[in-house]
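Chemist: Here is my input; please provide its structure:
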Amino acid sequence: MAASLTRVMQMNKMKSLSMLARSFSVSSQSNYKVSVLGASGGIGQPMSLLLKQTPGVKELALYDIAHTPGVAADLSHIDTAAKVTGHTGPEEIGECLKGCDVVVIPAGVPRKPGMTRDDLFTTNASIVAELSKACAKYCPKAFICIISNPVNSTVPICCEIFKKSGVSDVSKVFGVSTLDIVRSNTFVAEAKGLDVSTVNVPVVGGHAGITIIPLISQCQPPVSFEQAELEALTARIQDAGTEVVKAKAGAGSATLSMAYAGARFAASALDALSGKEGVVECAFVPTDKSECGYFSTPLVLGPNGIESNLGLNKLSPYEQTLVEACMPELKGSIKKGEDFARNYN
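Modeler: Have a look, this model is predicted:
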C-alpha cells in the first residue's frame, strides 16, 4: 500500500512538473543561475516560486533589502533541483549576481488606487539605477529583465547606466511587457470562446496606458471584431492594470499575473541561452524600428540576446492611429528616464 501511494505521488509530481515545463519550456539539460532582485515583494515571491520549479534553473539567487533569508529558506524546501540562496542589502548583491545568466528585476513600490505607473518614477527610478549599476559590474552579459514600473522609463535608465559603467552592449536589456500579451490572449480567448493556449496576440509600443498597443489584426488564430468591440477590447487591455488596482482596493497591484508573465519571459531567455531556435517574445528594448529609440515589438531571442527584431509587420488603419497617438507620451517617458540616468551618480 505504501509503495503504491509513493508511486502515485511520484506520478502526480511528474505530471505537475511536465505541465510547468510546457508553460516554461526550458531544456532540462541546461543549468543556469537566475537572480530575482526584489524577491521578497508581491511580485518577487510568487515569481521566485515559479522559477524554483522551472527546468534548467540550477541556482536561484534571491535579493532584497529585507526578509530574503526567510523567502529563500521557504523556497529551499521545495523538492525541485534549483538551489536557492538569499542575499540581503547592498553588501551582498555582488555574491547574488556573480555568474548570473538571467536577472529579473521586479523591485520597487507597487501602484495604489489613483496612481499611474509614471507616479512610481521618483522611487523606482533610483532603485533601478542602483540595481543596474550592480548588474553592469557583476554580470554585464546576463539577460536583464526589467519589470519595475514605469518600464517606459526604467529600461532607458538601465541602458544609460550600463553605458556610463562602460558596458556598450545593451542587447540583453529587456523591458518585460509580457503581461500585456498574457492579458490580450486571455481577453480575446474569452470574447471568442477559444482555447486560450492556442491564442497569441502581439502587443507593441510600451507598457503603460495608451502606449500598450495590441495588434489584434495579427492574432493567431485570426479573429475579427466590430469596431466598437475592438475599441472596447483595446481600452480594456490598456487599462487592465488599473482594473486590478481598483479590484484590490488599496491592497496592491497586479502581482500574481505579473509574476507569471515575468517567469515566462525569464524561461524564454533561458531557452534562448540554451540554443533553442524560434524563441520569440515581445519586449520593450532599444531599437531603430521606431522614431522613439525604444519600442516593444516581437523579437527573436538567441544566446547573445536579440537575434532579430521582427518589427511591426502590417498594421490595420486603427492600429496605425494607436501607434501615432502614443508617440508623444512614449517619447516623454523615455526622455525622462534617460535624463534621470545621465544625472545620476
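
Chemist: rest of the way, CA atoms for contacts and neighbours
Modeler: OK.

Chemist: What residues does Leu194 make contact with?
Modeler: Val188 (Cα atoms under 8 Å, 6 or more residues apart in numbering).

Chemist: name the element it belongs to?
Modeler: Assigned by DSSP states H and E, Leu194 belongs to neither a helix nor a strand.

Chemist: Distance check, it against Val188.
Modeler: In this view, Leu194 and Val188 are 8 Å apart by Cα to Cα, to the nearest Å.

Chemist: try Thr122
Modeler: Taking Cα to Cα, one finds Thr122 at 35 Å from Val188.

Chemist: Look at these two and report which has more neighbours.
Modeler: Val188 (23 against 11; other Cα atoms under 10 Å).

Chemist: Phi first, then psi, for the residue most central in space within the chain.
Modeler: In the chain, the centroid-proximal residue (Cα atoms, centre = their mean) is Val176; its distance is 3.1 Å. When read as degrees, to the nearest 10, the backbone of Val176 gives phi -80, psi 100.

Chemist: just checking, it touches Phe143?
Modeler: No. Shown here, Val176 and Phe143 do not form a contact pair, counting by Cα atoms under 8 Å, at 11.4 Å.

Chemist: And for Ala66, the neighbour number?
Modeler: Ala66, neighbours per other Cα under 10 Å, totals 15.

Chemist: which helix of this structure spans the most residues?
Modeler: Taking DSSP state H as the criterion, the chain has its longest helix at helix 317-342.

Chemist: That helix - contacts with which helices or strands?
Modeler: Judged by 3 or more Cα pairs under 8 Å, 6 or more residues apart in numbering; DSSP states H and E, helix 317-342 is in contact with helix 121-138, helix 151-164, strand 212-214.

Chemist: could you redo these as a markdown table and give each row mean pLDDT?
Modeler: Below are those laid out as a markdown table (pLDDT from 0 to 100):
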| stretch | mean pLDDT |
| --- | --- |
| helix 121-138 | 96 |
| helix 151-164 | 98 |
| strand 212-214 | 98 |
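
Chemist: domain ranges for this structure?
Modeler: 28-175, 178-341 (automatic domain parsing).

Chemist: and among those domains, the most buried is which?
Modeler: domain 28-175 (a mean of 21; mean count of other Cα atoms under 10 Å).

Chemist: now that domain, how far from the centre of its chain.
Modeler: Centre-to-centre, domain 28-175 and its host chain are 10 Å apart (Cα atoms, centre = their mean, to the nearest Å).

Chemist: before we move on, what about stretch 184-201?
Modeler: Chain-centre distance of stretch 184-201: 20 Å, with Cα atoms, centre = their mean.

Chemist: Which parts of the chain are helices?
Modeler: 2-23, 44-52, 68-76, 93-97, 121-138, 151-164, 178-192, 227-238, 240-248, 256-273, 317-342.

Chemist: Compare the ones you listed and report which one is nearest to Thr198.
Modeler: Nearest to Thr198, of all the helices of the chain, is helix 178-192, at 8.7 Å by Cα to Cα.

Chemist: so that closest one versus helix 256-273, what angle?
Modeler: Interaxial angle, helix 178-192 versus helix 256-273 (axes from the mean of the first three to the mean of the last three Cα atoms, to 10 degrees): 110 degrees.

Chemist: Dump helix 178-192 to CSV, keeping only the CA atoms.
Modeler: This file holds the C-alpha atoms of helix 178-192, laid out as CSV (Å, rounded to 0.1, in the frame of the first residue of the first chain):
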residue,chain,number,x,y,z
THR,A,178,4.7,40.0,-21.4
LEU,A,179,1.8,40.7,-19.1
ASP,A,180,0.2,42.8,-21.9
ILE,A,181,0.4,39.7,-24.2
VAL,A,182,-0.9,37.4,-21.5
ARG,A,183,-3.9,39.7,-20.8
SER,A,184,-4.6,40.1,-24.5
ASN,A,185,-4.6,36.4,-25.1
THR,A,186,-6.9,35.9,-22.2
PHE,A,187,-9.4,38.6,-23.1
VAL,A,188,-9.5,37.6,-26.8
ALA,A,189,-10.0,34.0,-26.0
GLU,A,190,-12.8,34.8,-23.6
ALA,A,191,-14.5,37.1,-26.2
LYS,A,192,-14.3,34.4,-28.9
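
Chemist: so where's the stretch 151-300 of the chain uncertain?
Modeler: Applying pLDDT under 70 to the stretch 151-300 of the chain flags no residue at all.

Chemist: contacting residues around the residue nearest to the centre of the chain?
Modeler: Counted by Cα under 8 Å, 6+ apart, Val176 has contacts 145-147, 151, 262, 265, 283-284.

Chemist: Look up how far Val71 lies from it.
Modeler: 23 Å.

Chemist: Ok, Ile334 next?
Modeler: Distance from Ile334 to Val71, by Cα to Cα: 34 Å.
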